[in-house]
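Colleague: A structural model of the following input is requested.
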Amino acid sequence: MPTATLEEYLETIYKLGEEGPVKPSRIAEAIGVSGPTVTATLRRLESHGLVLREGTDVVLTGEGLERSLDIVRKHRVAERFLVDVLGLDWEAAHEDACLLEHALSPRVLEALEAFLGDPTVCPHGHPIPSAAGRVSVEAGSLLANCVVGVTARVLRVPETGNVLAYLGELGLRPGAEVEIVAAEPSRGPLTVRVDGVTRAVSHEIASAVVVEGCLL
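Modeller: Numbering: from 1, shown residues only. Here you go, the predicted structure:
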């Protein structure tokens with residue numbers, strides 16, 4: 001059975017894979033460890049038959065994908081409980097869910113899902129995998145690509161802990177309505193209005209927020 005460390009790597013590889021090819025350097029940056037540490041841990045994952053190396057890319061095997069979806073499901077259900085029931089802010093919930101995800105038994109996980117009404121997305125808008133490993137992602141566009149003058153609805157935001165507090169301050173949460181007021185050229189910031197407050201959003205942040213209804 002994979003340890004908590006190996007489960008963290010599987011979860012990270014899965015999430016990075018949603019964005020593009022997974023390189024060891026990206027894993028090291030995401031987890032906050034050194035390159036040699038990543039190399040050693042990847043060897044352990046390979047020995048368990050959970051990842052493969054395709055050139056410089058790290059790829060989940062069938063079993064690795066199944067294990068990663070299970071841990072992602074536990075993490076996101078735990079976040080829903082911490083936010084919806086205990087009232088934690090989503091930054092703290094993300095951190096604590098990283099601990100809880102390794103301790104939830106299948107029985108407790110199923111009970112939590114039933115108690116919460118079988119949620120389909122986490123507080124950040126990302127899909128919760130089903131018990132059968134199915135993942136349903138609502139299609140959208142990047143906030144950075146929105147047309148000036150439209151009002152879009154936030155679908156999902158990055159799960160990165162150091163970004164969540166800032167997004168919360170901006171009001172950029174799933175379900176929020178965002179009016180595009182202005183857009184600077186050459187990857188400049190967007191000016192948006194959320195809940196009647198006008199703010200500037202960097203191109204980097206706007207390129208990580210997924211919305212619907214952003215085109216005329």
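Colleague: lowest-pLDDT helix or strand in the protein?
Modeller: Lowest by mean pLDDT, DSSP states H and E among the helices and strands of the chain is helix 161-170, with a mean of 81.
Colleague: how about the helices in this protein?
Modeller: 4-17, 24-31, 35-47, 62-80, 90-100, 106-115, 161-170, 203-206 (DSSP state H).
Colleague: distance between the shortest one and the chain's centre?
Modeller: Same thing as helix 203-206. 16 Å (CA atoms, centre = their mean, to the nearest Å).
Colleague: mind giving me the packing neighbours of that helix?
Modeller: Helices and strands touching helix 203-206, by 3 or more CB pairs under 8 Å, 6 or more residues apart in numbering; DSSP states H and E, are helix 161-170. (Each C-beta comes from the backbone N, C-alpha and C, glycine too.)
Colleague: the helix it packs on to helix 90-100, inter-axis angle?
Modeller: 150 degrees (axes from the mean of the first three to the mean of the last three CA atoms, to 10 degrees).
Colleague: please save the CA atoms from helix 161-170 in CSV.
Modeller: C-alpha atoms of helix 161-170 as CSV (Å, rounded to 0.1, in the frame of the first residue of the first chain):
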residue,chain,number,x,y,z
GLY,A,161,-2.5,27.4,-1.3
ASN,A,162,-0.6,30.6,-1.7
VAL,A,163,-3.0,31.8,-4.4
LEU,A,164,-6.3,30.9,-2.7
ALA,A,165,-6.2,33.7,-0.1
TYR,A,166,-5.6,36.3,-2.9
LEU,A,167,-8.4,34.9,-5.0
GLY,A,168,-10.7,35.1,-2.0
GLU,A,169,-9.9,38.7,-1.5
LEU,A,170,-10.7,39.4,-5.1
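Colleague: got the buried residues for that helix?
Modeller: The neighbour-count check on helix 161-170 (16 or more other CB atoms under 10 Å) flags 163, 164, 167, 170 as buried.
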